[in-house]
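Colleague: coords please:
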Amino acid sequence: MKKQPLLLIIGLLFAIAAQNTMAQLKIGVINPIKLMDQAPQVEDANTRLKQEFAPRERRLISAGQEIKNLEERLTKKRSVMSESAIREQIRKIRNKQINFARQQQEFQEDYNTRRQQELSEIQKIINQVIHRLVSAESYDIILSDGVIWANEEIDITNQVLRQLQQKHRQNRNW
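Modeller: Prediction:
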C-alpha cells in the first residue's frame, strides 16, 4: 500500500518535467496545401507548362476535330459510297484514332513528367525558405503533413508564403 503514494509522486514529477520541457519547445506548423495553392512560384510553373504544351495541345484538338469530321462525313455519305470506299474510310478513321490515342498518351506522360520536375524545383525552394525561417527564428519542430488542426499562433504558413513571394519578386527583378 505504501507504494501507491510514491508512484503518484513520481508520476506527478514526470508530468511537471514534461510540461516544462514542452514549454521550452518552439513548434511551427505549415499547411502544404495552402503553400501549393498560393505560392507565386506554382503560378509561374503552371504558366510555363501551359506555354510549353499549348502547341501540342492545339495539334491534338485539331486532330480530334479532324477525326470527328471524318466520322460525320462517313455517316452522311455512307449510303452513296461503295463497300470498299466505306471500308477504306473506316480503316483511315481507325488509324487516325489509334495515332490520336498514342499522341494523347505521350502528351499526358510528357506533361506529367515536366509538371513533376517543376513541382520538385518548387519543393526545393519551399524547403530552403522553411530552413531559413527555422534558423532565423529558432524553431525546434516544424510539422506539416498529417496535421488536422493547428493554433494560429504556431501556424507559420503565412510567413513562409511571404518569404516565397519576396523571393519571387527578387528573382523577377534579375
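Colleague: where do the strands of the protein begin and end?
Modeller: Applying DSSP state E to the chain gives strands spanning 27-29, 141-143.
Colleague: now stretch 107-122: how far from the chain's centre is it?
Modeller: Counting by CA atoms, centre = their mean, to the nearest Å, stretch 107-122 is centred 10 Å from the centre of its parent chain.
Colleague: equivalent analysis for stretch 153-165, please.
Modeller: Chain-centre distance of stretch 153-165: 18 Å, with CA atoms, centre = their mean.
Colleague: just the strands of the chain: most buried one?
Modeller: Sort the strands of the chain by mean neighbour count, taking mean count of other CB atoms under 10 Å, and strand 27-29 sits at the top with a mean of 18. For every residue, glycine as well, the C-beta is placed using N, CA and C.
Colleague: same question for that one, mean pLDDT?
Modeller: Looking at strand 27-29 alone, the average pLDDT works out to 90.
Colleague: same check, this time on stretch 129-148
Modeller: What stretch 129-148 shows for mean pLDDT is 88.
Colleague: return it as CSV; C-alpha atoms alone will do.
Modeller: Taking C-alpha atoms only, stretch 129-148 is exported to CSV below (Å, rounded to 0.1, in the frame of the first residue of the first chain):
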residue,chain,number,x,y,z
VAL,A,129,12.7,29.1,-47.3
ILE,A,130,11.5,26.9,-44.4
HIS,A,131,15.1,26.1,-43.3
ARG,A,132,16.0,29.8,-43.3
LEU,A,133,12.9,30.6,-41.3
VAL,A,134,13.7,27.7,-38.8
SER,A,135,17.2,29.0,-38.4
ALA,A,136,16.3,32.7,-38.1
GLU,A,137,13.5,32.1,-35.5
SER,A,138,15.0,29.0,-33.7
TYR,A,139,12.2,26.5,-34.2
ASP,A,140,12.6,23.1,-32.6
ILE,A,141,9.9,21.3,-34.6
ILE,A,142,8.1,22.1,-37.8
LEU,A,143,5.1,19.9,-38.6
SER,A,144,3.5,19.6,-42.0
ASP,A,145,1.6,16.7,-43.5
GLY,A,146,-0.9,14.9,-41.2
VAL,A,147,-1.8,17.9,-39.0
ILE,A,148,-5.5,18.1,-38.7
